[in-house]
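Colleague: Quick one, fold the following:
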Amino acid sequence: MLDQVVEDHPRPPVIAGRRGSPALRQCCDSYVCPVCAQVVELTDYRQVLWHQQAGHQPMDLED
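Modeller: Numbers count the residues shown, from 1 in each chain. Presented below is the predicted three-dimensional model:
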C-alpha cells in the first residue's frame with residue numbers, strides 16, 4: 001500500500017548543498033594569524049597545526 005502512495009507523487013527535486021560565490025568562499029578559507037601576521041590557509045592542515053603553537057614564527061611555505 002505504501003508503494004502505491006509513493007508512485008502517485010513525484011519525487012521532490014534533489015537540491016545539492018550550495019556554497020556561496022568563489023569570492024565569498026575565499027574570505028572564509030583563510031585568516032591572518034594574530035601571533036605572526038601570516039595568512040593561514042584553512043584548507044592546508046599543516047598550516048593550521050603550525051599556527052596553533054604558542055609563540056611560533058611564520059611558517060616557511062617553500063618546503
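Colleague: pLDDT wise, what is the residue nearest to residue 61 when sequence neighbours are not counted at?
Modeller: Distances taken as C-beta to C-beta, 6 or more residues apart in numbering place residue 47 nearest to residue 61, at 7.9 Å, with adjacent residues excluded. In short, each C-beta sits where N, CA and C put it, glycine included. pLDDT for residue 47: 94.
Colleague: Break down the protein into its strands, ranges please.
Modeller: Assigned by DSSP state E, the chain shows strands spanning 30-32, 39-41.
Colleague: and the first one, which strands flank it?
Modeller: Strands that pair with strand 30-32, judged by DSSP bridges, come out as strand 39-41 (antiparallel).
Colleague: Go through the strand it pairs with and flag the buried ones.
Modeller: For strand 39-41, a neighbour-count test (16 or more other C-beta atoms under 10 Å) marks residue 40 as buried.
Colleague: Run through who's touching it.
Modeller: Residues from elsewhere that reach strand 39-41 (C-beta atoms under 8 Å, 6 or more residues apart in numbering): 29-33, 47-48, 51.
Colleague: ranges for the helices of the chain?
Modeller: For the chain, helices defined by DSSP state H occupy the ranges 2-8, 22-28, 45-50.
Colleague: Mind checking the pLDDT average for the first one?
Modeller: Mean per-residue pLDDT for helix 2-8: 55.
Colleague: How about the second one?
Modeller: Per-residue pLDDT over helix 22-28 has a mean of 61.
Colleague: tell me, how many neighbours does residue 61 end up with?
Modeller: By other C-beta atoms under 10 Å, 12 other residues sit near residue 61.
Colleague: re the thing from before, just so I know, which of the strands of the chain lies nearest residue 56?
Modeller: Closest of the strands of the chain to residue 56 is strand 39-41, at 10.9 Å (criterion: C-beta to C-beta).
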